[in-house]
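>>> Compute the structure for the input listed below.
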Amino acid sequence: MGGNSACSSCLAGQFSATAAAGECANCSTGQISAASGSASCTSCDAGKHRDTARTSCVTCTSGHYTDISMVGNTACAACTAGQISAAAGSASCTGCDAGKHSDASRVSCVSCVAGHFTDAAMVSNTACTACSAGQISAADGSAACTSCDAGKRGDSSRTSCVTCSMGQYTDVSMVSNTACTACTAGQISAADGSAACTSCDAGKRGDSSRTSCVTCSMGQYTDVSMVSNTACAACTAGQISAADGSASCTSCDAGKHSDISRTSCVTCIAGQYTDVSMVGNTACGACSKGQYSTSDGSAECAVCGTTTYNPDVSAIACKECPIGSSVPAGGGAFKQLRSATDALLQQAVTSPTASAQQECLPLMFLVFHFMLPIARIVPGSWRDGLVL
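Sure thing, here's the model as predicted:
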């Protein structure tokens, strides 16, 4: 049997580091030998990986990389989510700037569209984040969203601020609102872009659109405790407000009453009156029987005198008793002689008041009621001399 006649060179991808080696060894994982007869294998540079034959280094494609800690790799690693490698042969991946995100292939950064953002804490994002409700980013590539000023709100696309219409508002505590708030009942905002609503002055009320104050008509009012009213209040019975825009209603003076519209005071006619206890009246009171008032605007009725009477209500004067009659007067000496029924008459005789002056008593009636009781108690000889 014959011996070896020559040495064979190691194939590419193999090596022999010592003389008299019995056989060549394959390059270790991640290393290559590009030519035959290699005494050693070499690692691929960062940004590359070895091929399966271990004979050449392959450049990493965009979106992939290898770094110095990965020189033994047989494949490039994909960039992590939100990072990119824009060029082939990258030794590392980079995060996108604020206002951008990585595309799906991880080879380029894409600017956030208006209404979205990424900030410095979000550089590894694969997508931009929508602005929160009531905030906006008006331009592409925004690193943050901003709140709208008071008097405005964010639109539904979150790309612009919309001015609040009259009758609505937003204030500094509502800067993240997606809608303006209507003014509360009785308050108004008269201009677009209001940061607050205001109450109407006394004597006025807010209209239904909450954009303007309406002056109260005569007969109505609003006061400082009613500044949020949507309607003016009618004056109470017996009171008036004579001018538009009244902050209160007033009572009519004695001798007057309020009209039905509650806009003016009406003077009581003769025969009627109102006094200080009747200032809330809507009508004058009639003078009672036995009383009268001779002039308009009376605050009280007078009582008929001792020789006059009045059988009617609302009289403007008293009448004199006709011949053959009189108004009872005196008679105090006979009180103890009268029955319970006669006592009522005696009271009228002793105190001639309005009730006594309602009618005159016929003279014969007086004789009967005052002389007859006397005849009943005088001695017989005296009584015989009385002619009744």
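>>> Residue 282 and residue 269: what is the separation?
Using Cβ to Cβ, to the nearest Å, residue 282 is found at 15 Å from residue 269. Where you see a C-beta, it was placed from the backbone N, CA and C, and this is true even at glycine.
>>> and what of residue 106?
Here residue 106 is placed at a distance of 102 Å from residue 269 (Cβ to Cβ).
>>> swap in residue 133?
If you measure residue 133 against residue 269 using Cβ to Cβ, the figure is 71 Å.
>>> Then residue 10?
From residue 10 to residue 269 the distance is 141 Å (Cβ to Cβ).
>>> Comparing those two, which residue is more hemmed in?
Between residue 10 and residue 269, residue 10 has the larger neighbour count (other Cβ atoms under 10 Å), namely 22 against 15.
>>> Tell me which residues touch the more buried one, please.
Each residue near residue 10 by Cβ atoms under 8 Å, 6 or more residues apart in numbering is listed here: 16, 24, 33, 36, 37, 38.
>>> next one: residue 202
So residue 202 contacts 221, 222, 223, 224, 226, 227, 247 (Cβ under 8 Å, 6+ apart).
>>> Of those, just the buried ones, PyMOL syntax please.
Buried residues among the contacts of residue 202 (16 or more other Cβ atoms under 10 Å), as a PyMOL selection:
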select buried, resi 221+222+226+227
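>>> State the pair within the contacts of residue 202 that is farthest apart.
With Cβ to Cβ as the measure, no two of those lie farther apart than 221 and 227, at 12.1 Å.
>>> rewinding a little: go through the contacts of residue 10 and single out the one with the most neighbours.
Neighbour max across the contacts of residue 10 (other Cβ under 10 Å) = residue 33, 24 neighbours.
>>> so what's that residue up against?
Neighbouring residues of residue 33 by Cβ under 8 Å, 6+ apart: 10, 12, 13, 14, 15, 27, 40, 41, 42, 54, 55.
>>> Just put those residues in TSV and tack on secondary structure.
Below are the contacts of residue 33 laid out as TSV (DSSP: H, G, I helix; E, B strand; the rest coil):
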residue	secondary structure
10	coil
12	coil
13	coil
14	strand
15	strand
27	coil
40	coil
41	coil
42	strand
54	coil
55	coil
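>>> Tell me how many other residues crowd the residue nearest to residue 297 when sequence neighbours are not counted.
Spatially, and ignoring its direct neighbours in sequence, residue 297 is nearest to residue 255 (3.8 Å; Cβ to Cβ, 6 or more residues apart in numbering). Using other Cβ under 10 Å, residue 255 has 21 other residues around it.
>>> swap in residue 126?
For residue 126, the count of nearby residues is 15 (other Cβ under 10 Å).
>>> right, and it touches residue 109 too?
No: between residue 126 and residue 109 no contact is recorded; they are 10.8 Å apart, counting by Cβ atoms under 8 Å.
>>> Overlap of the contact sets of the two?
Taking Cβ under 8 Å, 6+ apart as the criterion, residue 126 and residue 109 both touch 101, 102.
>>> pLDDT weak spots in the stretch 51-200 of the chain?
Along the stretch 51-200 of the chain, the parts satisfying pLDDT under 70 run over 71.
>>> pLDDT value on residue 229, please?
Here the pLDDT value assigned to residue 229 is 80.
>>> any idea how far residue 206 is from it?
8 Å.
>>> What are the contacting residues of stretch 282-300?
Residues outside stretch 282-300 that contact it (Cβ under 8 Å, 6+ apart): 237-238, 254-258, 260, 267-276, 278, 301-304, 309-318, 353-358.
>>> Give me the buried subset of those residues.
With neighbours counted using 16+ other Cβ under 10 Å, those contain these buried positions: 238, 254-258, 267-268, 270-274, 278, 301, 303-304, 309-310, 313-316, 318, 354, 356-358.
>>> Which residues are in contact with residue 106?
By Cβ under 8 Å, 6+ apart, residue 106 lies in contact with 63, 78, 79, 81, 83, 84, 85, 93.
>>> Hmm, I typed the wrong one, I wanted residue 249.
Per Cβ under 8 Å, 6+ apart, neighbours of residue 249: 221, 235, 236, 239, 240, 241, 262.
>>> what's the helix or strand for the third one?
Yep, that's residue 236 we're talking about. Using DSSP states H and E, residue 236 is not contained in any helix or strand.
>>> how deep is it tucked in, by neighbour count?
Residue 236 has 14 neighbouring residues, counting by other Cβ under 10 Å.
>>> Is it correct that it is in contact with residue 280?
Yes: the pair formed by residue 236 and residue 280 meets the contact definition of Cβ under 8 Å, at 7.0 Å.
>>> Quick check: beta-bridge partners of residue 163?
Counting by DSSP bridges, residue 163 forms beta bridges with residue 152.
>>> Quantify the burial of it by counting its neighbouring residues.
16.
>>> Now do the contacts for it.
Residue 163 neighbours (Cβ under 8 Å, 6+ apart): 151, 152, 192, 193.
>>> So how do I select the buried members of the residues you listed in PyMOL?
Only the buried members of the contacts of residue 163 end up in this PyMOL selection, burial being decided by 16+ other Cβ under 10 Å:
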select buried, resi 151+152+193
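>>> Spatially, which two of the contacts of residue 163 are the most separated?
The span of the contacts of residue 163, defined through Cβ to Cβ, is set by 152 and 192 at 9.7 Å.
>>> ok so, going back, what's the separation between the residue nearest to residue 297 and residue 300?
Distance of residue 255 to residue 300, computed by Cβ to Cβ: 9 Å.
>>> Find residues that contact each of these two.
Counting by Cβ under 8 Å, 6+ apart, the residues touching both residue 255 and residue 300 are residue 273.
>>> one step back: include distance to residue 292 when you put the contacts of residue 33 into a markdown table, please.
Formatted as a markdown table, those follow (distance: Cβ to Cβ, whole Å):
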| residue | distance to residue 292 |
| --- | --- |
| 10 | 149 |
| 12 | 144 |
| 13 | 142 |
| 14 | 146 |
| 15 | 146 |
| 27 | 140 |
| 40 | 144 |
| 41 | 140 |
| 42 | 138 |
| 54 | 138 |
| 55 | 140 |
